[in-house]
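> this is the structure alone, sequence omitted:
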């Protein structure tokens, strides 16, 4: 899963750089395509960044627990570790849902006609 997350993050960053390219401003269709792709990846990217933040927090808390002799620091680190583990579990579920394939018809327009019953 981490490889897929890294791929999505790299793709998002490449698209952001591409959007800043002055040549893309000349091609309206390409600019719209890149903007839509960025918009589609935005939520997943934000989840990935939050996930990484809590992974770092968890690692730091574990290091403090293992390296520190101060009881207050250890207590705070244990609370931080517990909070990070809970957030990571929640984020993993959200990421699994966010990574599900989308329906290709999601971007298409429809006409809905409602008629009274006969």
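Right, received. Where do you want to start? Here the structure is a predicted model, which is why all the values come from computation and not from measurement.
> buried stuff in whichever helix in the chain runs longest?
In the chain, taking DSSP state H as the definition, the longest helix is helix 28-67. Buried residues in helix 28-67, counted by 16 or more other Cβ atoms under 10 Å: 31, 34, 38, 41, 44-45, 47-48, 50-51, 54, 57-58, 61, 64-65. (Each C-beta comes from the backbone N, C-alpha and C, glycine too.)
> need the next SSE after it, C-terminal direction.
helix 71-98 (DSSP states H and E).
> what packs against that following helix?
Under the contact criterion of 3 or more Cβ pairs under 8 Å, 6 or more residues apart in numbering; DSSP states H and E, helix 71-98 touches helix 28-67.
> so for the helix it packs on, what's the average pLDDT?
The average pLDDT within helix 28-67 is 92.
> now swap in stretch 10-25 and tell me
89.
> buried sites along that stretch?
In stretch 10-25, counting by 16+ other Cβ under 10 Å, buried: 12, 15.
> now do it: distance to the chain's middle.
Centroid separation for stretch 10-25 versus its chain: 18 Å, with Cα atoms, centre = their mean, to the nearest Å.
> also stretch 74-82?
With Cα atoms, centre = their mean, you get 25 Å for stretch 74-82.
> repeat that for stretch 63-75.
So, by Cα atoms, centre = their mean, the centroid of stretch 63-75 is 31 Å from its chain's centroid.
> neighbouring contacts of it?
With contacts defined as Cβ atoms under 8 Å, 6 or more residues apart in numbering, stretch 63-75 is touched by 76-78, 81.
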